[in-house]
Structures are given as structure tokens and as C-alpha cells.
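Asks: next come a sequence and a model predicted from it.
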Amino acid sequence: MLGFASGLPLALTGQALQAWLSGEGVDVATIGFLSLVGLPYTFKFLWAPLMDRFDLPLLGRRRGWLVLSQLLLAGALLLLAATPPKDSLQVFALLAVAVAFLSASQDVAYDAYRTDLLPPRERGLGSSLNVMGYRLAMILSGGVAMIWTDAQHGGGWTWPEVYRLMAWLMVGAAVLSATALPKLALPVATSAPAGHDLLGFFAVAAAVAMGYMATQHVFAPLASSLVAPLWQGSTLAPALQHRWMDLVALLAGLAFTLPLAAWASRVARFDTLRSGLANYFALPGSKAFLLLIVLYKLGDAFALSLMTPFLLKAMAFSSAEVGVVNKVLGLWLTIIGALVGGTLMLRLGLWRALIIFGFLQGLSNLGFWWLAVSGKGALPGLLLPAFDWGIVKLAQPTTVDGGLLMAVALENLTGGMGTAAFVAFLMSLTSQRFTATQYALLSAFASVGRVWVGPLAGVLAESIGWPSFFVVATALSLPALAMLWVMRHTIRALDSDPGATT
């Protein structure tokens with residue numbers, strides 16, 4: 001259930017948001033850049049130390065933060081539902097960022113709660129159950145919602161109606177968190193002054209704000225003046241030229257902001273953040289682990305970053321067909337993938353599971369390459385009869401493309417297996433005293449691919465075409481496999497001694 005609550009907001013700032021914007025006529029390159037609303041997922045380790053350092057009253061460790069973030073998420077979703085994206089795109093984007101921030105905060109609390117609660121022997125199966133709930137939520141908010149919003153074949157809902165329903169589901173999650181979760185033992189008391197952590201957080205937040213302003217007012221004009229001469233005589237569309245310049249400015253802003261935030265945390269004595277990071281980096285191979293975490297899901301994230309515009313616009317599938325195939329029919333394969341992955345880990349161990357499942361999830365991207373090359377109708381289709389299951393209905397019989405079904409089935413099955421192994425890997429790297437800080441850092445690096453490839457993916461897809469785009473996505477899965485082979489002894493040591501980091 002907690003995995004479900006954690007996964008529900010992700011599609012609402014990802015696939016569902018893309019479908020909403022596509023229906024409003026927003027161009028693909030702009031949709032790609034709006035994937036940056038997920039930036040809080042990559043920076044959540046900056047405020048995670050506050051969740052390690054402080055516990056909210058009444059509900060105990062971790063649970064108070066869960067309830068608060070879930071209630072605030074419900075409110076933010078209601079505000080987003082009331083904002084028309086076409087008329088107020090900037091306000092809409094800021095509210096989507098707020099949803100992502102609160103969702104990332106919920107993830108910090110939940111990831112720490114799960115890691116503290118589960119003993120090492122249960123982490124493989126625990127992570128697979130978490131993946132199952134997570135993917136079920138994304139099926140609802142990213143797939144079933146598309147059927148609800150299909151006027152011809154589905155329920156004819158509007159996107160604001162969908163987002164209001166999701167808000168009430170988050171209220172239900174808050175009630176569950178407040179009443180049904182077992183309590184955690186309190187950690188060993190820290191000697192770090194609370195005032196230092198609060199001051200450090202605000203110092204880091206100010207540094208990030210300064211980095212944002214510098215990106216907007218310094219690096220963006222500078223990128224324009226430096227990159228513009230390169231486009232002279234180019235046949236690339238002006239809109240795409242502008243997106244490439246935005247990407248250069250974004251990278252320059254990051255190169256400025258991250259060192260500034262590190263300096264601010266040191267000067268302001270953000271002790272819990274600094275201690276948590278120091279504890280992690282004392283782990284043998286810690287820096288290589290961070291690179292592996294970025295690379296492991298990179299190819300998968302690249303292929304899926306613009307999946308909704310690809311299926312709706314490039315392939316011209318109907319919204320109901322995409323919803324049924326991409327999510328509803330993929331439900332059981334997702335569940336099987338997650339549960340089989342967690343069960344196989346008992347026999348395979350961590351390293352073998354990571355490399356086998358990583359190879360399979362990278363290979364699954366070629367299914368979408370084949371679909372882009374072969375087009376619709378290459379494989380026999382399947383006629384789904386009309387149905388009404390209460391929460392979702394199909395108003396008319398709908399033909400499901402066989403190629404689409406094959407590509408999506410491969411992705412769901414292998415993606416569930418890979419994610420189960422990956423989550424167990426992240427859990428094995430954390431120390432109980434700094435679970436929120438360290439898991440937030442690791443999962444922030446894990447989300448780099450999902451968040452940061454969006455701008456590049458949107459520009460690249462329009463520049464080189466969809467078949468080449470999916471070949472690139474497949475190639476991006478290879479570096480992680482090479483790293484896994486090189487680091488096999490270090491990872492096997494983690495697997496054989498789960499308590500090494502505590």
C-alpha cells in the first residue's frame with residue numbers, strides 16, 4: 001500500500017502530465033523540457049537530513065513525515081486540477097514542481113521507513129512488493145487515467161477530474177499511514193545541534209535559489225551568445241536550436257549550483273547532511289556505486305521518457321489503446337516481473353540478479369525500435385470487447401495492435417525484475433542512523449536519468465527520428481553492465497555481509 005501511495009504522484013508529473021499537455025497541443029520539445037518538473041527527485045537529499053534529525057509529534061519516527069507529505073500532496077493536486085495548462089503554463093509548471101517536491105518528500109520518509117523496518121533477508125521480497133504497489137499506482141494514474149480521458153472509447157473524463165480523484169486517494173493514504181503502520185524504534189540520539197541543521201538547510205536552499213537565478217539571468221544569455229553562431233547555415237528548426245541552447249544553460253547552471261550548495265552546507269554547519277554523506281563515502285567503492293546507480297536505469301529511463309508522445313503522436317494509437325496496452329494489459333506482467341525478480345534474488349544473489357535483469361531490461365528497448373520501424377499492424381491485433389469494471393470502462397470494442405502489445409509486455413516484465421533488484425541494491429548501501437539522508441542521495445542519483453534525459457530526449461527524438469532514438473536508448477544500458485562486471489567482487493561482498501554499512 002505504501003508503494004502504491006509512493007508511485008501515484010510520479011505518473012501525475014510524468015506520463016499523465018505528458019498526455020494532458022499533448023491533448024492541449026503543446027509541442028514535443030516543450031513537453032520534454034517540462035519533464036524538469038521532476039527536479040525535486042534529484043535534489044531530495046538536501047532536505048532529507050531534516051527527516052533524519054527531527055520527528056514530528058504524535059505519530060512517531062517516519063510516520064509523521066509520511067502523513068504530512070501525503071496530505072500536502074492532496075492539496076497540491078487539487079490546485080493543479082484547477083489550473084488550465086494552455087492559459088497558465090508557467091503557473092501550471094510551478095504547481096507540478098510543488099507536486100514533485102511533496103512526492104519526493106513522501107519518498108524520503110517511505111524509503112527510510114521501509115529500509116529501517118525490513119531485516120536484510122527480507123529486502124529482496126520487500127522491494128519486489130514495493131515495486132508491485134508502485135507500478136500498480138502508475139498503471140492507475142498513468143494508464144487507466146488515459147482510458148478515463150478518452151472521449152470516444154473510454155469514460156470521457158477530463159484531466160482535472162482525474163487529478164481531483166488522485167488527490168482523494170492521497171487523503172486515503174494519509175489515513176492508512178496514521179493508523180495502520182507499525183512503529184519504528186528511535187535511533188541513537190545525535191549530538192548535532194538542531195539549530196545548525198535548520199540553518200544549514202536554509203543556507204543550501206538559498207544556494208539552490210541563487211543557482212536558479214544565475215541560470216536564468218547569466219548562463220541562459222551566455223549560452224545563447226556562444227551557441228547561436230554554431231547554427232548559422234543549419235537546417236535545424238529554430239525551436240530545436242533554442243532547446244539545445246536551453247540544455248547548455250541548464251548544464252552550466254548545475255555546474256555552478258552544486259559546488260555552491262556544498263560550500264553553503266559546510267559554512268552553515270549542516271551537520272546531519274555532512275555526517276550522513278561522510279558515513280556513506282566511507283564505504284569502499286562508494287563513488288563508483290553512485291555512477292553505477294545513475295547508469296543502471298539510464299537506458300530504460302531514456303526509452304520511456306517520451307513514451308506517451310511517441311505512442312500517441314508518432315504511432316497515432318488512440319488514447320484508450322495506449323492506456324489498455326501500456327498499463328492495464330501490462331498489469332499482470334508487471335506484477336509477475338516484480339515478484340519473480342524478488343524471488344529469484346533468493347537464489348541468484350544481488351550481483352547476478354543485477355546483471356541478468358539489467359541485460360534484459362536494456363534489451364527490451366529494442367521492442368520499441370522494432371515498433372517504430374515496422375509501424376502499426378505488423379503483428380496480428382487483438383480485439384478487446386467493451387467492458388465496465390466500475391473504476392474503468394471501455395465504451396466500445398477496441399483493437400489492440402499486436403506489435404504494441406509485444407513491446408509493452410517486454411518492458412513491463414523486464415522493468416519490474418530490474419527495479420526489484422535495483423531497490424534491494426540501494427537498501428544494502430544505507431546506514432540505519434542516516435537512512436533518510438543516504439537513501440535520498442542514492443535514489444536522487446537513480447532519478448537523474450528519468451529527470452535529466454527529458455530535455456535531451458525531446459530534442460534528440462525530433463533531430464534523429466524515433467528508430468535511432470531507441471537504438472541510442474539500448475546502447476545506454478551497456479555501460480552499467482560493464483561496471484557491474486568490473487565491480488562484481490565489491491557487490492558480492494555487500495550481498496554476503498548486509499550489515500557492513502550499518
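Replies: Structure's in. What do you need?
Asks: C-alpha only now, for contacts and for neighbours.
Replies: Noted.
Asks: need the three-state assignment for Leu184.
Replies: Here Leu184 takes the coil state, with states given by DSSP: H, G, I helix; E, B strand; the rest coil.
Asks: so what's it closest to, chain neighbours aside?
Replies: Closest residue to Leu184 apart from its sequence neighbours, by C-alpha to C-alpha, 6 or more residues apart in numbering: Arg61 at 6.2 Å.
Asks: distance check, that neighbour against Phe317.
Replies: 47 Å (C-alpha to C-alpha, to the nearest Å).
Asks: if you count what's nearby, which of these two comes out ahead?
Replies: Taking other C-alpha atoms under 10 Å, Arg61 and Phe317 do not tie; Arg61 has more neighbours (22 against 18).
Asks: residue boundaries of the strands in the stretch 301-450 of the chain?
Replies: 382-384, 387-388, 393-394, 398-400 (DSSP state E, counting those that start in this stretch).
Asks: give me the sheet partners of the last one and which way each runs.
Replies: So that's strand 398-400. Strand 398-400 has its sheet partners listed here by DSSP bridges as strand 382-384 (antiparallel).
Asks: contacts for the strand it pairs with?
Replies: Contact partners of strand 382-384, identified using C-alpha atoms under 8 Å, 6 or more residues apart in numbering, comprise Pro397, Thr398, Thr399, Val400, Asp401, Gly402.
Asks: switch the cut-off to 6 Å
Replies: Strand 382-384 has contacts (C-alpha atoms under 6 Å, 6 or more residues apart in numbering) with Pro397, Thr398, Thr399, Val400.
Asks: centre of the chain to it, how far?
Replies: 31 Å (C-alpha atoms, centre = their mean, to the nearest Å).
Asks: quick check: mean pLDDT of that strand?
Replies: Averaged over strand 382-384, pLDDT sits at 75.
Asks: same check, this time on stretch 184-203
Replies: Rounded mean pLDDT across stretch 184-203 is 71.
Asks: that stretch: end-to-end distance?
Replies: Stretch 184-203 stretches 31 Å from its first residue to its last (C-alpha to C-alpha).
Asks: mind listing what's buried along the lengthiest helix in the chain?
Replies: When the chain is scanned for its longest helix (criterion: DSSP state H), the result is helix 331-363. In terms of neighbour count (16 or more other C-alpha atoms under 10 Å), helix 331-363 has its buried residues at 331-345, 349-363.
Asks: please state the offset of that helix from the chain centre?
Replies: Worked out by C-alpha atoms, centre = their mean, helix 331-363 lies 19 Å from the chain centre.
Asks: show me what it is packed against.
Replies: helix 123-139, helix 402-427, helix 488-496 (3 or more C-alpha pairs under 6 Å, 6 or more residues apart in numbering; DSSP states H and E).
Asks: any chance of those helices in a markdown table, plus distance to Leu283?
Replies: What follows is the helices and strands packed on helix 331-363, written out as a markdown table (distance: least, C-alpha to C-alpha, whole Å):
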| stretch | distance to Leu283 |
| --- | --- |
| helix 123-139 | 20 |
| helix 402-427 | 13 |
| helix 488-496 | 10 |
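Asks: which one, of the ones you listed, ends up nearest to Pro284?
Replies: Among the helices and strands packed on helix 331-363, helix 488-496 comes nearest to Pro284, with 7.9 Å by C-alpha to C-alpha.
Asks: dump that closest one to PDB, keeping only the CA atoms.
Replies: Extracted as PDB, the C-alpha positions of helix 488-496 are listed here (Å, rounded to 0.1, in the frame of the first residue of the first chain):
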ATOM      1  CA  ARG A 488      31.400  -7.900  -9.100                       C
ATOM      2  CA  HIS A 489      33.600  -8.700  -6.100                       C
ATOM      3  CA  THR A 490      32.600  -5.500  -4.300                       C
ATOM      4  CA  ILE A 491      28.900  -6.100  -4.900                       C
ATOM      5  CA  ARG A 492      29.100  -9.700  -3.900                       C
ATOM      6  CA  ALA A 493      30.800  -8.600  -0.600                       C
ATOM      7  CA  LEU A 494      27.800  -6.300   0.100                       C
ATOM      8  CA  ASP A 495      25.400  -9.200  -0.600                       C
ATOM      9  CA  SER A 496      27.300 -11.600   1.700                       C
END
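Asks: list the contacts of it.
Replies: Leu350, Trp351.
Asks: do that again at 8 Å, thanks
Replies: Applying C-alpha under 8 Å, 6+ apart, the contact partners of helix 488-496 are Pro284, Gly285, Gly349, Leu350, Trp351, Ser428, Leu429, Ala500.
Asks: and for stretch 250-266?
Replies: 200-201, 203-205, 207-208, 210-212, 214-215, 219-220, 273-274.
Asks: about what we covered before: what angle sits between the longest helix of the chain and helix 402-427?
Replies: 80 degrees (axes from the mean of the first three to the mean of the last three C-alpha atoms, to 10 degrees).
Asks: okay, the angle between helix 331-363 and helix 123-139?
Replies: Using the same axes, to 10 degrees: helix 331-363 against helix 123-139 is 110 degrees.
Asks: so where's the stretch 301-450 of the chain uncertain?
Replies: The stretch 301-450 of the chain contains residues with pLDDT under 70 at 326-328, 330-331, 387-395, 432, 448-450.
Asks: what does the nearest residue to Ala207 once chain neighbours are set aside show for phi and psi?
Replies: Nearest non-adjacent residue to Ala207, counting by C-alpha to C-alpha, 6+ apart: Ala261, 5.2 Å away. Backbone torsions of Ala261, given as degrees, to the nearest 10, read phi -70, psi -40.
Asks: what about Ala261, distance to Trp65?
Replies: Ala261 is 24 Å from Trp65, by C-alpha to C-alpha.
Asks: same thing with Ser305?
Replies: Ser305 sits 29 Å away from Trp65, going by C-alpha to C-alpha.
Asks: higher neighbour count, the two?
Replies: Shown here are Ser305 and Trp65; by other C-alpha under 10 Å, Ser305 has more neighbours (26 against 23).
Asks: nearest to Tyr296, out of the helices and strands packed on helix 331-363?
Replies: Closest among these, using C-alpha to C-alpha: helix 402-427, at 8.1 Å.
Asks: next one: that closest one to chain centre, how far?
Replies: 14 Å.
Asks: what is that helix packed up against?
Replies: Here helix 402-427 touches helix 123-139, helix 331-363, helix 365-374, helix 435-446, going by 3 or more C-alpha pairs under 8 Å, 6 or more residues apart in numbering; DSSP states H and E.
Asks: measure how the last one sits relative to helix 402-427, angle-wise.
Replies: Same thing as helix 435-446. 140 degrees.
Asks: which helices and strands does helix 435-446 pack with?
Replies: When contacts are defined as 3+ C-alpha pairs under 8 Å, 6+ apart, helix 435-446 sits against helix 40-43, helix 48-53, helix 89-117, helix 271-281, helix 286-296, helix 402-427.
Asks: mean neighbour count and distance to Ala482 for the ones you listed - can I get that in CSV?
Replies: As requested, these are exported to CSV (neighbours: other C-alpha atoms under 10 Å; distance: least, C-alpha to C-alpha, whole Å):
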stretch, mean neighbour count, distance to Ala482
helix 40-43, 24, 24
helix 48-53, 24, 31
helix 89-117, 22, 28
helix 271-281, 20, 22
helix 286-296, 19, 10
helix 402-427, 24, 16
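Asks: many thanks, we can stop here.
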